[in-house]
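A.B. asks: structure for the following, please:
(2 chains)
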Number of protein chains: 2
Amino acid sequence: MITTHDILLSAREARPALQRTSTEEKNAALLAMADALERNAAAILAANAQDMEAARGHVSEVMLDRLALTEGRIAGMAEGVRQVAALPDPVGQVLREVKRPNGLVIRRVAVPMGVIAIIYESRPNVTSDAAALAVKAGSACVLRGGKEAFRSANAIVAALKEGLTAAGLPADLVNLVQDTSRESARELMTATGLVDLLIPRGGAGLIRSCVENATVPCVETGTGICHVYVDAEADLDVALNIINNAKTSRPSVCNAEEVCLVHSAVAERFLPRLRKLLTDDRAAAGLVPVELRLDQRAAAIIPGTLAGEADFDTEFLDYILAVKVVDSVEEAIAHIAAHSTHHSDAIVTDDEAAAGQFLALVDSAAVYWNASTRFTDGGEFGLGCEMGISTQKLHPRGPMGLEELCTYKYVITGSGQVR
Amino acid sequence: MITTHDILLSAREARPALQRTSTEEKNAALLAMADALERNAAAILAANAQDMEAARGHVSEVMLDRLALTEGRIAGMAEGVRQVAALPDPVGQVLREVKRPNGLVIRRVAVPMGVIAIIYESRPNVTSDAAALAVKAGSACVLRGGKEAFRSANAIVAALKEGLTAAGLPADLVNLVQDTSRESARELMTATGLVDLLIPRGGAGLIRSCVENATVPCVETGTGICHVYVDAEADLDVALNIINNAKTSRPSVCNAEEVCLVHSAVAERFLPRLRKLLTDDRAAAGLVPVELRLDQRAAAIIPGTLAGEADFDTEFLDYILAVKVVDSVEEAIAHIAAHSTHHSDAIVTDDEAAAGQFLALVDSAAVYWNASTRFTDGGEFGLGCEMGISTQKLHPRGPMGLEELCTYKYVITGSGQVR
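C.D. replies: Presented below is the predicted three-dimensional model:
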């Protein structure tokens, strides 16, 4: 078995090849990678069947569904890679240029990170997504997936390598760590000088472990305790529609709402309608009703579970919504400051001053006025794709598209200037 | 003694005040801080005299000189704070704006980091510099200086707090850690949720300790093993002038040259002139001669110390220059990839293709063509100031001016959009 260290060394060695590759050549390689995925569908499906066989009985049905590949899903992965090929090349963009009085021309130019390591869980499609994004952004990648999907990921990476080779690029631009023990994750986190950027994609435990243990540059991603605050001046129909969308359209994702804050001036009118929409109407329609976890004041207005302390600090990722009554936008902002994970928070109001205050003072990657938190997404932001959503403040913050997977350097041209 | 944890909490509490402060009010506060420094010069000098008294005999003369304050140096510190007041406000700048087909307006807006912690060594002026930059960038700061300068720093911070109070802002926007043991540095490095950005300013040991131990976002700064590569097509006069400047104008700083790479085609003509300029001419002029540490091939051409392995991996910060002969620009690039700290590296050549290759492939914060590495500096880059120079790839990279001390967030305004 090739060691993780050797894989990192090969990635590092392969990487300069991309710096000598034109946009057209890079795009051709991505198309070849997509073709190779489809050409190797049978091998990928066979590997996936083995993963499924081994996982059955040990993991939940939801997990099994995430793990399962089909011809259709493989075609979808190939299509994803082709979409990345179609996006503009972020590398080489001149982000800023200044000519100094002494004649020096100083350009800030977007350049690749180098080697990007991605630690993720068991969705096989992340393998091809992440590889395509890294290659387009000019970086080699070292992928470390979950052990349940190891055979599938290996087959996918073999196909991607075949595509790279066919396009005349080193196969080692895309690599899968072969050691699926915890030790290999630890190795990536501490591979100073070999990993230029580490991106964890997965649950809160994985992310915390990376942030706490990484000595290489690491982007904190994804945990989202997202709030929607219904202000005294909210249009309640708009608020209901936004909360219904933010909570129920896809509760398992990080930009889903977990907490609803309601101004006391509208709570008595709003909460009964919220309860009807999210519980009674959904149950009547045969949908999973949302469990409301209410603070004391909300519980005095509508029935529901009484919220415990932890309910305002939990990413439920489920049909559960914590609800709290507040007396002002300031109280809402203070609550968010104390409990938010700095992902996405929204205010619903027709009061421009309250909105301005909320947008200015809430310290999250994305702050919304009269829109659903579910829009925090590379595609929805117009980036075309994303590697994840950063909740940290060092750049990149928010959805990470191709530009956010690059760094920059200063290129200075002179005619012999000294200082 | 107030604990470091309590100081962090007060900084966090003081911080929102700056978010409600206009540019004019922030500038007025900075001017009040500058005035307070001058008004309290006597107290600062008295505290500094105690520091000097305690340090004498324990630290080098160079250290003592760095520690010493005078009326003139205090006036210089005040002037530095006034210069920061005169710079444009980075906060609130709309960095990007897009209107999506669904009507959402998505703005990327520069916003303050929040609480910036700075761990530095014994230069008292860093105290006022760092505080002024943080406040202008909209952040509270928690400063942790070297213990030799503790009394001076405390007196300086007392003056700065007086200025803040006079301007109607919370004194706790600027804070000095009172515990000068190693424990307090460790506390800042691991104060998750309380420190938004940690900046170490000092020697390689301090920086490594922060990078290795920090669980809060940390910017790696400063260590510079900077190279100047004299290409086969270099104008040798230009090369000599650049190297003389890069090596001798201020050898103790991170953007000074430590290694000279020379193409073999010009080595025999170039090295004797380099030796004459840096050693014989300097000695004749009564200046410290530069010690040349030569690889085998260079040593076959000129006399000098034979370089050991470590000499190409050492930030000398002294009148020492390692010299190596290479056979191509590719070999120079490969040497730099293996030995550089990714700070600043230069090529001297009239060959545009060689320059293009060097500028594209050398992976450093600043790459130069026919100019001295000494220009890597906030002032020289036109940023007006700097908090240090980042050698990491996650933004900020290179000199950190006011903009680089900010983060951004996405502000999204809608009219009820859901996804």
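A.B. asks: once you drop chain neighbours, what's closest to the residue in the stretch 251-400 of chain A positioned nearest to chain B?
C.D. replies: The stretch 251-400 of chain A approaches chain B most closely through A:Ala371 (3.0 Å), counting by C-beta to the nearest C-beta. Where C-beta positions appear, they are placed from N, C-alpha and C, glycine not excepted. Nearest non-adjacent residue to A:Ala371, counting by C-beta to C-beta, 6 or more residues apart in numbering or on different chains: B:Gly414, 3.0 Å away.
A.B. asks: what helices or strands is the helix or strand harbouring A:Gly80 leaning on?
C.D. replies: Using DSSP states H and E, A:Gly80 maps to helix A:71-86. Applying 3 or more C-beta pairs under 8 Å, 6 or more residues apart in numbering or on different chains; DSSP states H and E, one finds that helix A:71-86 makes contact with helix A:23-39, helix A:41-55, helix A:124-136.
A.B. asks: what are the buried residues along the first one?
C.D. replies: The neighbour-count criterion (16 or more other C-beta atoms under 10 Å in any protein chain shown) identifies A:26-37, A:39 as the buried residues of helix A:23-39.
A.B. asks: of all pairs in those, which one is the farthest apart?
C.D. replies: Using C-beta to C-beta, those span at most 20.1 Å, a distance reached by A:Lys26 and A:Arg39.
A.B. asks: hang on, the earlier thing: give the pairing partners of the host helix or strand of the residue nearest to A:Ala371; include direction for each.
C.D. replies: Assigned by DSSP H and E, B:Gly414 belongs to strand B:406-417. Using DSSP bridges, strand B:406-417 pairs in its sheet with strand A:366-371 (parallel), strand B:105-112 (antiparallel).
A.B. asks: okay if I get those as a markdown table plus distance to A:Asp311, mean pLDDT and mean neighbour count?
C.D. replies: Listed next are these as a markdown table, based on distance: least, C-beta to C-beta, whole Å; pLDDT from 0 to 100; neighbours: other C-beta atoms under 10 Å in any protein chain shown:
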| stretch | distance to A:Asp311 | mean pLDDT | mean neighbour count |
| --- | --- | --- | --- |
| strand A:366-371 | 22 | 98 | 26 |
| strand B:105-112 | 29 | 96 | 20 |
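A.B. asks: how about the ones you listed in a markdown table, adding distance to B:Ala285?
C.D. replies: What follows is the strands paired with strand B:406-417, written out as a markdown table (distance: least, C-beta to C-beta, whole Å):
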| stretch | distance to B:Ala285 |
| --- | --- |
| strand A:366-371 | 61 |
| strand B:105-112 | 48 |
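A.B. asks: which ones are touching A:Gln296?
C.D. replies: A:Leu306 (C-beta atoms under 8 Å, 6 or more residues apart in numbering or on different chains).
A.B. asks: local confidence estimate at it?
C.D. replies: On pLDDT, A:Gln296 comes in at 98.
A.B. asks: roughly how far apart are it and A:Ala332?
C.D. replies: Relative to A:Ala332, A:Gln296 is positioned 17 Å away (criterion: C-beta to C-beta, to the nearest Å).
A.B. asks: any idea which helix or strand carries A:Trp302?
C.D. replies: In this structure residue A:302 is Ile, not Trp. Using DSSP H and E, A:Ile302 sits within no helix or strand.
A.B. asks: distance of it relative to A:Val290?
C.D. replies: Taking C-beta to C-beta as the measure, A:Ile302 falls 12 Å from A:Val290.
A.B. asks: who has more neighbours out of these two?
C.D. replies: Neighbours per residue (other C-beta atoms under 10 Å in any protein chain shown) separate A:Ile302 from A:Val290, with A:Val290 holding more: 24 against 19.
A.B. asks: how about that one, what does it touch?
C.D. replies: A:Lys247, A:Thr248, A:Leu278, A:Thr279, A:Arg282, A:Tyr319, A:Ile320, A:Leu321.
A.B. asks: and A:Val59, by the same measure?
C.D. replies: By C-beta under 8 Å, 6+ apart, the residues touching A:Val59 are A:Leu67, A:Glu148.
A.B. asks: got the residues of the stretch 1-150 of chain A near chain B?
C.D. replies: A:Pro16, A:Gln19, A:Val98, A:Arg100, A:Leu104, A:Ile106, A:Val111, A:Met113, A:Gly114 (C-beta under 8 Å from any C-beta of the partner chain).
A.B. asks: look at the fourth one and report its pLDDT.
C.D. replies: Note for A:Arg100: predicted pLDDT of 96.
A.B. asks: so it makes contact with A:Ile106?
C.D. replies: Yes. Between A:Arg100 and A:Ile106 there is a contact at 6.4 Å, judged by C-beta atoms under 8 Å.
A.B. asks: mutual contacts of these two, please.
C.D. replies: B:Phe381, B:Gly382.
A.B. asks: separation between A:Gly114 and A:Ser139?
C.D. replies: Using C-beta to C-beta, we find A:Gly114 at a distance of 6 Å from A:Ser139.
A.B. asks: now A:Ile301. Nearest residue, chain neighbours left out?
C.D. replies: In space, A:Ile301 is closest to A:Leu271, 4.7 Å off (C-beta to C-beta, 6+ apart).
A.B. asks: who touches the closest residue to A:Ala68 other than its chain neighbours in this structure?
C.D. replies: The shortest distance from A:Ala68 to any non-neighbouring residue, by C-beta to C-beta, 6+ apart, is to A:Met52 (6.1 Å). Applying C-beta under 8 Å, 6+ apart to A:Met52 gives the contacts A:Leu64, A:Leu67, A:Ala68.
A.B. asks: no further queries at this time; thank you.
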